[in-house]
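**Student:** Structure for the following, please:
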Amino acid sequence: MNDGTGQQRPLVLANARIVDPSRDLDAEGSVLVADGRIVAAGPDAVSARLYNAEVVDCRGAIVAPGLVDMRVFVGEPGIEHHETLASASHAAAAGGVTSIVTMPDTDPVIDDIALVDFVQRRARDTAIVHVYPMAALTKGLSGAELTEIGLLGDTGAVAFTDGRRAVTNAQVMRRALTYAGDFGALVVHHPEDPDLVGDGVMNEGETATRLGLKGIPREAETIMIDRDIRLARLTGGRYHAALVSCAASVEVIRAAKAEGLDVTCSASVNHLTLNEADIGPYRTFFKLAPPLRSEDDRRALVAALAEGVIDCIVSSHDPQDVEAKRHPFTEADTGAIGLETLLAAGLRLVHAGDIELIDLMAAMSTRPAKLLGIEGGTLKPGSAADLVVFDLEMPWVVRAEDLSSRSKNTVFEDARLLGRVVRTMVAGRTVYEYAGAPDA
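**Tutor:** Here you go, the predicted model:
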């Protein structure tokens with residue numbers, strides 16, 4: 001709210017439960033925001049009257065650092081009918097996500113400093129949340145010739161990946177890890193061997209056989225992760241497995257961490273909350289890469305998340321238009337949107353007693369921000385006021401027509417979720433407010 005002088009009045013979020021993993025804080029209190037920064041957050045926050053602040057009674061809602069989603073596919077440039085930076089940012093804000101990390105799978109591919117600069121400038125002009133681009137690891141996502149990692153990093157690329165594609169050539173991956181290591185850069189890899197995937201479309205096993213669909217073995221993922229970790233050991237590079245989906249992959253990551261290697265990984269909220277049975281009668285919105293696995297695999301992922309073996313949770317937001325999904329299951333494109341449902345879907349794990357809320361927020365906010373070296377993931381005094389306010393007990397039904405994304409291919413269509421974002425703030429400015437949120 002403006003104070004009449006052109007300046008933004010300080011804001012106090014009062015009577016809140018404050019969850020800040022960066023300080024191991026979960027307590028009742030208030031958050032004071034001024035000049036786009038956190039002034040105080042906790043039980044001992046100073047009085048609003050000292051700052052002539054606007055006061056919002058949160059009525060027991062939770063205030064936490066804004067989410068940082070480090071796997072977001074956006075169609076700009078070149079595929080804007082799927083998603084633009086503007087539409088993705090509005091979906092993010094509605095989901096409590098204050099920073100999105102975009103993939104280089106665009107047209108043209110983000111493999112040049114001019115294109116990194118384009119994404120940054122376009123985001124500044126049109127997006128309402130922070131946008132951080134990942135640049136391509138290899139030119140044209142070809143898996144052959146490395147990009148200029150040093151120059152791209154200096155321009156603003158926060159990490160390097162070939163997006164949906166795997167680098168199958170081990171020599172290229174070795175060089176990438178070595179070269180990136182010279183700059184302290186993070187290599188993010190989609191670990192899925194395309195030769196083992198073949199023409200498979202879902203998890204290999206009994207369910208695939210019953211549905212008459214060709215399966216994708218878990219080994220397509222695990223063998224690639226094992227190879228990458230051996231190369232990380234050889235080169236000393238920083239390696240991040242973009243998505244893990246099965247118990248065997250978790251065991252490989254766990255062993256690498258126990259050895260002290262600089263290895264991290266993410267899991268999508270889809271693989272943490274759904275399994276292959278959700279495909280049901282050939283529902284193409286559930287066709288993902290990697291595919292949804294068995295319930296045993298899902299439970300192994302949840303246990304690994306609680307243990308800290310899985311570092312981050314991502315939405316793997318991947319917009320596809322209606323025509324790309326309106327095909328037989330074998331022919332439909334893979335991918336699902338997820339920015340707007342990331343937090344609410346993750347809260348299923350909290351309500352089920354599988355994980356503590358502070359640990360969920362660490363995986364969705366604090367750890368990805370730290371891993372990428374970007375601002376966010378904290379409510380420490382002096383930090384940017386990027387935060388989310390959500391009601392842990394508010395029920396809602398996901399309606400595709402209500403989502404902000406240009407594409408509507410959500411796996412949670414018509415799902416009943418418990419926990420809703422009521423306010424999202426970026427640099428102290430409210431960028432989303434639910435109509436049912438408490439009034440100031």
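
**Student:** contacts and neighbour counts: CA atoms only from here.
**Tutor:** OK.

**Student:** Strands of the stretch 1-150 of the chain, start to end?
**Tutor:** In the stretch 1-150 of the chain, the strands defined using DSSP state E, counting those that start in this stretch lie at 11-20, 25-34, 37-42, 54-57, 62-65, 67-72, 97-102, 130-133, 135-136.

**Student:** for those strands, which one sits closest to Pro217?
**Tutor:** Shortest separation from Pro217 across the strands of the stretch 1-150 of the chain is recorded for strand 67-72, at 23.3 Å, computed as C-alpha to C-alpha.

**Student:** Could I get the average pLDDT for that closest one?
**Tutor:** Regarding strand 67-72, the rounded mean pLDDT is 98.

**Student:** So which residues make contact with it?
**Tutor:** With contacts defined as C-alpha atoms under 8 Å, 6 or more residues apart in numbering, strand 67-72 is touched by 96-103, 242, 313-318, 339, 361, 364-366, 368-369, 376-377, 387-388.

**Student:** Return the most buried member of the strands of the stretch 1-150 of the chain.
**Tutor:** Highest mean neighbour count among the strands of the stretch 1-150 of the chain (mean count of other C-alpha atoms under 10 Å): strand 135-136, with a mean of 32.

**Student:** Tell me if I'm right that Leu288 and Thr330 touch.
**Tutor:** No: the criterion here is C-alpha atoms under 8 Å, and Leu288 misses it with Thr330 at 11.6 Å.

**Student:** Please identify which of those two sits among more neighbours.
**Tutor:** A direct count of neighbours by other C-alpha atoms under 10 Å for Leu288 and Thr330 places Leu288 higher, at 20 against 16.

**Student:** check contacts around the more buried one.
**Tutor:** Contacts of Leu288 were listed using C-alpha under 8 Å, 6+ apart, and they are 202, 334-336.

**Student:** at 10 Å what do you get?
**Tutor:** Residues counted as contacts of Leu288 (C-alpha atoms under 10 Å, 6 or more residues apart in numbering) are 201-203, 270-271, 316, 318, 333-336, 411.

**Student:** Give me the pLDDT for it.
**Tutor:** 98.

**Student:** Would you mind measuring from it to Ile223?
**Tutor:** Relative to Ile223, Leu288 is positioned 19 Å away (C-alpha to C-alpha, to the nearest Å).

**Student:** My read is that Val398 contacts Asp414, right?
**Tutor:** Yes: with contact defined as C-alpha atoms under 10 Å, Val398 reaches Asp414; the gap is 4.9 Å.

**Student:** More neighbours: which of those two?
**Tutor:** Val398 (17 against 12).

**Student:** Check which element follows the biggest helix by length in the chain along the chain.
**Tutor:** Counting by DSSP state H, the longest helix found in the chain is helix 219-235. Sequence order places strand 238-241 as the next helix or strand after helix 219-235, per DSSP states H and E.

**Student:** Remind me what the helix or strand following that following strand packs against, helices and strands.
**Tutor:** Using DSSP H and E, the helix or strand that directly follows strand 238-241 along the chain is helix 247-258. On a contact count with 3 or more C-alpha pairs under 10 Å, 6 or more residues apart in numbering; DSSP states H and E, helix 247-258 meets helix 219-235, strand 238-241, strand 263-268, helix 295-307.

**Student:** Gly184 is nearest to which of the ones you listed?
**Tutor:** Short answer: strand 238-241, nearest of those by C-alpha to C-alpha, at 7.3 Å.

**Student:** Parallel or antiparallel, list what pairs with the closest one.
**Tutor:** Partner strands and pairing direction for strand 238-241 (DSSP bridges) are strand 186-189 (parallel), strand 263-268 (parallel).

**Student:** Among these, which comes closest to Arg9?
**Tutor:** Arg9 sits nearest to strand 263-268 of all the strands paired with strand 238-241, at 37.8 Å, using C-alpha to C-alpha.

**Student:** Kindly format the C-alpha coordinates of that closest one as CSV.
**Tutor:** The C-alpha trace of strand 263-268 is given here as CSV (Å, rounded to 0.1, in the frame of the first residue of the first chain):
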residue,chain,number,x,y,z
VAL,A,263,26.3,-34.7,-6.0
THR,A,264,22.7,-33.5,-5.5
CYS,A,265,19.3,-34.4,-6.9
SER,A,266,15.7,-33.4,-7.3
ALA,A,267,12.4,-35.2,-7.5
SER,A,268,9.2,-33.8,-9.0
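
**Student:** Identify the residues contacting Leu146.
**Tutor:** 111, 136-140, 172-173, 175-176, 179.

**Student:** With Pro368 instead?
**Tutor:** 67-70, 101, 266, 311-314, 362, 374, 376-377.
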